[in-house]
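# sequence-free structure coming up:
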């Protein structure tokens, strides 16, 4: 990866990054990405049983957490105590646990930043955002998601989230349901209906994770498609977050909070 | 349309073509297409009440029938009696009515050709054929059809036909159902299941008629897509049939019977 | 068109709209669209030689101008004098002529709004905006435009505009050119290069106007595609502008100035 | 890979397969694929310096060769002498070297089969075949290939091959060049021109190897797309060839010679 987006042209000194869950699949990929980035240096790699408090004097400014739902909240509180910014990709957060992080950050008062994001693939994060922006301007909107056939849920959580975001914007804009004259149908042909938005799930050997959002007006169509081919697709987003977290004090939920979409 | 596929380089004399249902939407488009083709000349235009027998001495060699299901069988028999080849795009044919045309042609003995085809869009006819050819070589196969929102049936008849053709080839090749680990699902998310093949129907303002067949193997995907943007998409296929019908004595069902796919 | 995006739920009284160039192809389509919209009423239709000043007492609040470059500037000044808001789709505007409209509106002081926009297709306007927003977040970006084969310029003006917008954002973000190891190439294979962004132009019978913007990062791709199938694709954007122009005093250039993309 | 296409329903005894170049990237992937296939058993794995003649008494019926251009011809002749069928994915073959294999097989007289194929991805082989079949039926045809940015040639060899096949069929059918009214153009916008067919090459981080063939007629479009996401995409084709080679005595060039496309 010769060219990294958003790499500052001149970097004074590499920033040290700690990794929690460094032996896991995502964690080890994060370690590789940090080592390949000229403006970052890989610091301590922690795994189950290691003491997060030791990071306080490690020289690391930011920690990345790709651990497990049962560990991540305690990790984040320990990182705040240790004075590190945190970038968290572990799932399992609730409104309550997010609230406790907000309170801790406010009490701490050192201006630390914490990002908790369910998805670091820039294409997916942007596609979701663009779909919501476009939703009020089209009569019709449908979602097609396509995944490998080992996936156990259909439709994907991301597709449901996308459909809900589209539906919320349409409702706010006073739009009726999309036009649909279907009278006779085979069961399932028109997909699942999520808050009034039709969602179709394709399962195909060879695919990884893909989503297409289709918008239609008389005589025109807008399509927003995101393809995730492999785990490395998360890395540009993780690196972007690592570089930006110090400039975003407090808790941010979702990578789009760090994107400049003005 | 400056360049027509399959126009012979040198044409001795233009062939005269009669049109039945000439005042209808399809019929009038056929008339325009014939008038624009350098190697064809538009002959008599017949409508409801006109006598097909008058075509016998009209100079027309071929007749195109885009009328209504209740009239088309009688038209075809009258055309055979009048000694014309026939190209028929009207629907409503059954195995029995097709059989009567076969018998009539055999009894007639003059080597007349009759083509009866549900679809003259070359892209659609070829896509269906390619999908059937590919079906035995992939683990996974699904069909997505996309249409304007005024369509009353879902999925489209063409998509059902495509899925059945894929399923038949897979069965013959001893292939099991495509892999699918889905455990939790919203109703309809995985589409309609036609002979084991999943079919998804999208309805979107602005679209006309579109179909995508997706095939997957480990690490690879094959996609065959056909887009029909307007009624004129049928014309290259109608003209191809008009030019070829005299060389195909007897009854042919489906335009692919005239295509050279060697 | 049963459902119109952005139709207010409750409309006190239909707003009257005048049309300049009402006999032209775009103008007559605009007239049809206004007549189909429940919250608008079609007012005077003007053509070459008609006096714009008569609109002052016509009851029309807004005028739409789809005329010709040689007439549009005079029309707009006459509309301002007559006290109408103006929505203009005619091309040929320069920085100088735009400046004169700005000055006139400021001198007038009645808070009239004028929108001058090169493109009213919502999908195209949004695609351009999304492409610019995404541009800083990907290593690679290329543009493919596809049009009917009667088009005389390649690439399209819209594609050049899109490429320039992407290039400007990338430059501002300090991104180098996209990676490209090509050593041996056939002339033209890599497309035209517009400010460092590769642009490919496809010409295909049957197409109308289509554009695809592709963004790539390690392991992921984002695709934004817009399809314009026919002239009617401009109408939802024209109606949106007609409804919104009174709330946007002064001159606005480009329909995206009226879109809520927060 | 739970389900393999074309696995016979009942297999008497697993067939033993030898692999030449077994330590290479492709060779080792072949070994894995054979070991995962229930109806095949992995036999001797040979590398540089190993003696092919030893395979004669190994029990292996078929050998797969993914070695290097300088070694492959000698390997094939040694395999024929040893009485094995051969499936060869190594490049570098010329008309002369192919002729020597044909002669050797004829002299040998035991009915051995040899397949030499530049591409084992079924989606790519089928796409090429379908493109050639469709070529005579459309006014317009263009090729877009999309690859990772480390590729050194543009357009890809496969895309050039596809364009030539399309051009040959069009010439045979008496079709003129596709319509194109372009008068003003930026250099390269219309792509490379290969035997009259326009070919566009996109280079995008995140992609692997993709090709799209577009056909257009008035009002309709046919698209054939093939995506190769990773090396494993070759394996279904290699396994198909291994299972079929004994039934195809003599030399076959190209995997499509083994496909049933009736």
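Cool, the structure landed. This structure is a prediction, so every number in the text was calculated from the model and none was measured.
# Run through the residues that contact residue A:72.
For residue A:72, the contacting residues are A:65, A:88, A:90, A:92, A:93, by CB atoms under 8 Å, 6 or more residues apart in numbering or on different chains. No exception for glycine: its C-beta is placed from N, CA and C like everyone else's.
# Setting aside sequence neighbours, what's the nearest residue to the most centrally placed residue in chain A?
The C-alpha lying nearest the average C-alpha coordinate of chain A belongs to residue A:119 (CA atoms, centre = their mean; 1.9 Å). Spatially, and ignoring its direct neighbours in sequence, residue A:119 is nearest to residue A:125 (5.9 Å; CB to CB, 6 or more residues apart in numbering or on different chains).
# and that neighbour, what helix or strand is that in?
Element membership for residue A:125 (DSSP states H and E) is helix A:122-134.
# Likewise for residue A:75?
In the assignment (DSSP H and E), residue A:75 maps to helix A:69-81.
# Which helix or strand lies directly C-terminal to that helix?
Later in the chain than helix A:69-81, the nearest helix or strand by DSSP H and E is strand A:85-88.
# what is the mean pLDDT for that following strand?
For strand A:85-88, mean pLDDT is 98.
# Which strands border it, and is each parallel or antiparallel?
If you go by DSSP bridges, strand A:85-88 pairs up with strand A:62-65 (parallel), strand A:113-116 (parallel).
# any idea of the mean pLDDT in the last one?
Averaged across strand A:113-116, pLDDT comes to 98.
# Need the residues that contact that strand.
By CB under 8 Å, 6+ apart, strand A:113-116 touches A:76, A:79-80, A:85-88, A:93, A:98, A:101, A:105, A:241, A:245-253, A:255, A:257-258.
# Could you pick out the buried ones from those?
A:76, A:79-80, A:85-88, A:93, A:98, A:101, A:105, A:241, A:245, A:248, A:251-253, A:255, A:258 (16 or more other CB atoms under 10 Å in any protein chain shown).
# Adding distance to residue B:31, write the contacts of residue A:72 out as a markdown table.
Output for the contacts of residue A:72, formatted as a markdown table (distance: CB to CB, whole Å):
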| residue | distance to residue B:31 |
| --- | --- |
| A:65 | 71 |
| A:88 | 68 |
| A:90 | 68 |
| A:92 | 67 |
| A:93 | 67 |
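# ok, now which ones touch the nearest residue to residue A:139 once chain neighbours are set aside?
Spatial nearest neighbour of residue A:139, excluding adjacent residues (CB to CB, 6+ apart): residue B:205 at 4.2 Å. Residues near residue B:205 by CB under 8 Å, 6+ apart: A:138, A:139, A:140, A:178, A:179, A:216, A:217, A:218, B:148, B:149, C:1.
# So the first one versus chain C, what's the distance?
As judged by CB to the nearest CB, to the nearest Å, residue A:138 and chain C stand 6 Å apart.
# what number of residues lie near that residue?
Residue neighbour count, defined by other CB atoms under 10 Å in any protein chain shown, stands at 26 for residue A:138.
# Would you mind confirming that it is in contact with residue A:213?
No: the criterion here is CB atoms under 8 Å, and residue A:138 misses it with residue A:213 at 10.2 Å.
# Just the buried ones from the contacts of residue B:205?
A:138, A:139, A:140, A:178, A:179, A:216, A:217, A:218, B:148, B:149, C:1.
# quick revisit: so is the following helix or strand past the helix holding residue A:125 next to chain C?
Following helix A:122-134 in sequence order, the next helix or strand is strand A:140-147 (DSSP H and E). No: contact of strand A:140-147 with chain C (CB under 8 Å from any CB of the partner chain) is absent, the minimum separation being 9.0 Å.
# Show me what strand A:140-147 packs onto, helices and strands only.
The contact analysis (3 or more CB pairs under 8 Å, 6 or more residues apart in numbering or on different chains; DSSP states H and E) places strand A:140-147 against helix A:157-172, strand A:197-203, strand A:209-217, strand B:197-203.
# Adding mean pLDDT and distance to residue D:39 as columns, could you present the ones you listed in TSV?
Shown next, in TSV, are the helices and strands packed on strand A:140-147 (pLDDT from 0 to 100; distance: least, CB to CB, whole Å):
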stretch	mean pLDDT	distance to residue D:39
helix A:157-172	96	38
strand A:197-203	98	25
strand A:209-217	97	32
strand B:197-203	98	25
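# of all these, which lies closest to chain D?
strand A:209-217 (10.5 Å; CB to the nearest CB).
# what helices or strands is the next helix or strand after the closest one leaning on?
Sequence-wise, the next helix or strand downstream of strand A:209-217 (DSSP H and E) is strand A:220-228. Applying 3+ CB pairs under 8 Å, 6+ apart, we find strand A:220-228 packed against helix A:122-134, strand A:209-217, helix C:122-134, strand C:220-228.
# Redo the ones you listed as a markdown table? Include distance to residue A:40.
Formatted as a markdown table, these follow (distance: least, CB to CB, whole Å):
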| stretch | distance to residue A:40 |
| --- | --- |
| helix A:122-134 | 18 |
| strand A:209-217 | 26 |
| helix C:122-134 | 24 |
| strand C:220-228 | 20 |
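# closest to residue B:192 out of these?
Closest approach to residue B:192 among the helices and strands packed on strand A:220-228 is made by strand A:209-217 (18.6 Å; CB to CB).
# Show me what the closest one pairs with in its sheet, parallel or antiparallel.
Sheet pairing for strand A:209-217, using DSSP bridges, gives strand A:140-147 (antiparallel), strand A:220-228 (antiparallel).
# relative to helix C:122-134, how tilted is the longest one?
Interaxial angle, strand A:220-228 versus helix C:122-134 (axes from the mean of the first three to the mean of the last three CA atoms, to 10 degrees): 30 degrees.
# And residue A:26, how far from chain C?
For residue A:26 relative to chain C (CB to the nearest CB), the value is 13 Å.
# Is that residue in a helix, a strand, or coil?
Under the three-state scheme (DSSP: H, G, I helix; E, B strand; the rest coil), residue A:26 adopts helix.
# Now do the phi/psi pair for residue A:21.
Backbone torsions of residue A:21, given as degrees, to the nearest 10, read phi 80, psi 30.
# check contacts around it.
Neighbouring residues of residue A:21 by CB under 8 Å, 6+ apart: A:27, A:46, A:47, A:65, A:66, A:67, A:68, A:90.
# Please apply the same query to residue A:209.
A:145, A:147, A:148, A:156, A:158, A:227, A:228.
# how many other residues sit next to the nearest residue to residue A:211 once chain neighbours are set aside?
Leaving aside its sequence neighbours, residue A:211 sits nearest to residue A:145 (CB to CB, 6+ apart; 4.6 Å). When neighbours are counted by other CB under 10 Å, residue A:145 registers 26.
# Just list whatever residues bridge to residue A:145.
The partner residues for residue A:145, given DSSP bridges, come to residue A:201, residue A:211.
# Okay, it and chain C: tell me how far apart.
Applying CB to the nearest CB, the value for residue A:145 to chain C is 15 Å.
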